[in-house]
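Asker: Using only what follows, build the 3D model:
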Amino acid sequence: MYVAVKGGTAAIENSWQLLARQRRGDTALPELTVDQIREQMSLAVDRVMSEGSLYDAELAALAIKQSSGDLVEAIFLLRAYRTTLPRFGYSLPIDTAKMQVMRRISATFKDVPGGQILGATYDYTQRLLDFALLADGGATDQPETSPTGAATVGRELPRINELMAKEGLMETPGPAAATEPGDLTRQPLMFPADRRTRLQALARGDEGWLLALGYSSQRGYANAHPFAGEIRRGKVSVEIVPDELGFAVDIGDIDITECQMVNQFAGNLEVPPQFTQGYGLAFGGAERKSMAMALVDRSLRARELGEDVVAPGQDEEFVLSHADSLEASGFVQHLKLPHYVDFQSELELVRKLRASHAQQRDNPKTETNNSVGGQAADPTSRKAA
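Answerer: A predicted model of the protein is given here:
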């Protein structure tokens, strides 16, 4: 144990008290409640749930409060708590085709079966500060009807990509793998990783990292010319099959956002030209995250599709090894911990190197390493055996 840590117990305890005081802020103002965070900062809650790998809005809101709004710290708190929970079993694959849609758009077709459902989105806001929100309880006029497209809830809307697949224009998924998918919450990430494992890593990956990589693929650092085939948000049922029953039981609904990106594929000798897909899915209203995830997923399919791997976003080891915000944060922030012994050795080394450098500068050699008897050695010459 570091000496500084041994003697710093009182300082650490005082730091905790200062942290609690900082978190609380001005005591003359009402304290922010977990319910307020859950209901009024829902997009932050959704991100913490996705990257924390735990669907629980209340606990995610609690983590945000405890971390003073530091979302990466909140993700850390939630994921650490998740490791303490028992694992009762695995759910069946969710059927997003049966989603109770609240928002559903396509950038590939104007008129689609079921129609475009705009829902709640910042896409058409003017990005101007709404000073009415500064007033206590003040807000802009609220619509009389639900902004979530409640009239469409319960309708099953056909997938746009499936319509193209009927014409042979879209790749169709092959048969499901016979093996069970891996579980990154219990097993380490190994390379090469199959697509199911990659999608798990991307789903809990840092949104900013995925956004940057997805952006790079659009700028030419991958063979990507994407179109948003379909983005939909809504509620889907989660089912499990208890061993004692032997049939599926609906245990509740979760709110998710799903994105299917469409990319042109030139084809090869076995496969004709067609469109291929990138896929993204995240908890709640994580539209930007799911879109970035779909872009990166498609980039990582380069080897599978016989494309040249020429960009960072196509290198699965580079992408997935650095996607986890907790690992990245921990590796960076560990530099704050005491490194006195390590630095002293570095310090001594630099001092010796400086002394050697000064000696060579003050006493230059009369003969250089590449000269013999004052004549430059011929680099092409060869000694006789």
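Asker: State the distance spanning the first to the last residue of stretch 114-123.
Answerer: Length of stretch 114-123, first residue to last, CA to CA, to the nearest Å: 21 Å.
Asker: and it, average pLDDT?
Answerer: Stretch 114-123 shows a mean pLDDT of 89.
Asker: after the biggest strand by length in the chain, next one along is what?
Answerer: Counting residues, the longest strand found in the chain (DSSP state E) is strand 249-265. Following strand 249-265 in sequence order, the next helix or strand is strand 274-283 (DSSP states H and E).
Asker: Show me what that next one is packed against.
Answerer: helix 42-52, helix 160-166, helix 195-203, strand 249-265, helix 287-299 (3 or more CB pairs under 8 Å, 6 or more residues apart in numbering; DSSP states H and E). Placement of C-beta: from N, CA and C, glycine included.
Asker: switch the cut-off to 7 Å
Answerer: helix 42-52, helix 195-203, strand 249-265, helix 287-299 (3 or more CB pairs under 7 Å, 6 or more residues apart in numbering; DSSP states H and E).
Asker: coming back round to it: of all the residues in the longest strand of the chain, which ones are buried?
Answerer: By neighbour count with 16 or more other CB atoms under 10 Å, strand 249-265 contains the buried residues Ile254, Asp255, Ile256, Thr257, Glu258, Cys259, Gln260, Met261, Val262, Asn263, Phe265.
Asker: bridging residues for the first one?
Answerer: Here Ile254 shows beta-bridge partners Val236, assigned using DSSP bridges.
Asker: element containing Leu77, please.
Answerer: Counting by DSSP H and E, Leu77 is found in helix 71-82.
Asker: just Val238 next, same as before
Answerer: With DSSP H and E as the test, Val238 turns up in strand 227-240.
Asker: Report the rounded mean pLDDT for that strand.
Answerer: 93.
Asker: helices and strands around it, which ones?
Answerer: Packing contacts for strand 227-240, counted by 3+ CB pairs under 7 Å, 6+ apart, involve strand 100-105, helix 160-166, strand 249-265, helix 287-299.
Asker: Can you tell me what sits against stretch 235-250?
Answerer: Defining contact as CB atoms under 7 Å, 6 or more residues apart in numbering, one finds that stretch 235-250 is touched by 89, 91-92, 94-96, 98-100, 251-256.
Asker: Now tell me which helix or strand of the chain has the poorest mean pLDDT.
Answerer: strand 371-372 (a mean of 45; mean pLDDT, DSSP states H and E).
Asker: first vs last residue of stretch 31-43, how far apart are they?
Answerer: Stretch 31-43: ends 21 Å apart by CA to CA.
Asker: try stretch 65-76
Answerer: Start-to-end, stretch 65-76 (CA to CA) is 13 Å.
Asker: Just the residues contacting that stretch, thanks.
Answerer: With CB under 7 Å, 6+ apart as the criterion, stretch 65-76 contacts 22-23, 32, 34, 37, 44, 47-48, 51-52, 60, 63-64, 77, 325-326, 329.
Asker: in the chain, which ranges drop under the pLDDT threshold?
Answerer: 1-7, 136-155, 174-178, 365-385 (pLDDT under 70).
Asker: domain assignment for it?
Answerer: 10-82, 96-128+144-172+188-329 (automatic domain parsing).
Asker: Is it possible to get the ones you listed out as CSV so that each row also shows distance to Gln360?
Answerer: Shown next, in CSV, are those (distance: least, CB to CB, whole Å):
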stretch, distance to Gln360
domain 10-82, 46
domain 96-128+144-172+188-329, 40
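Asker: Ok, which of those comes nearest Pro338?
Answerer: Of all these, domain 10-82 sits nearest to Pro338, with 12.8 Å by CB to CB.
Asker: before we move on, the earlier item: closest one to Arg354 among the domains of the chain?
Answerer: So among the domains of the chain, domain 96-128+144-172+188-329 is nearest, using CB to CB, at 34.3 Å.
Asker: gap between the two ends of that closest one?
Answerer: 33 Å.
Asker: follow-up on the earlier one: quick one: which of the contacts of stretch 235-250 is nearest to Leu129?
Answerer: Asp255 (28.0 Å).
Asker: residues touching the closest one, list them.
Answerer: Lys235, Phe283, Gly284.
Asker: Now the most centrally placed residue in the chain: which helix or strand?
Answerer: Closest residue to the average C-alpha location of the chain: Gly205 at 2.6 Å, with CA atoms, centre = their mean. According to DSSP H and E, Gly205 maps onto no helix or strand at all.
Asker: Hmm, Glu327 and it touching each other?
Answerer: No - with contact defined as CB atoms under 7 Å, Gly205 does not count as touching Glu327 (10.3 Å).
Asker: residues of the helix or strand hosting Leu353 that come out buried?
Answerer: Here Leu353, judged by DSSP H and E, is contained in helix 340-362. By neighbour count with 16+ other CB under 10 Å, helix 340-362 contains no buried residues.
Asker: same deal with stretch 179-194?
Answerer: Gly182, Leu184, Leu189, Ala193.
Asker: possible to save those residues as CSV with secondary structure and distance to Lys166?
Answerer: Below are the buried residues of stretch 179-194 laid out as CSV (DSSP: H, G, I helix; E, B strand; the rest coil; distance: CB to CB, whole Å):
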residue, secondary structure, distance to Lys166
Gly182, coil, 32
Leu184, coil, 34
Leu189, coil, 37
Ala193, coil, 31
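Asker: and Asp95, what is it in contact with?
Answerer: Here Asp95 is in contact with Val236 (criterion: CB under 7 Å, 6+ apart).
Asker: one more time with 6 Å, if that's ok
Answerer: Contact analysis of Asp95 by CB atoms under 6 Å, 6 or more residues apart in numbering lists nothing.
Asker: and it, how far is that from Lys110?
Answerer: Per CB to CB, to the nearest Å, Asp95 is found 27 Å from Lys110.
Asker: Also Pro226?
Answerer: Taking CB to CB, one finds Pro226 at 18 Å from Lys110.
Asker: And for Leu335?
Answerer: Leu335 is 52 Å from Lys110, by CB to CB.
Asker: same thing with Met164?
Answerer: 15 Å.
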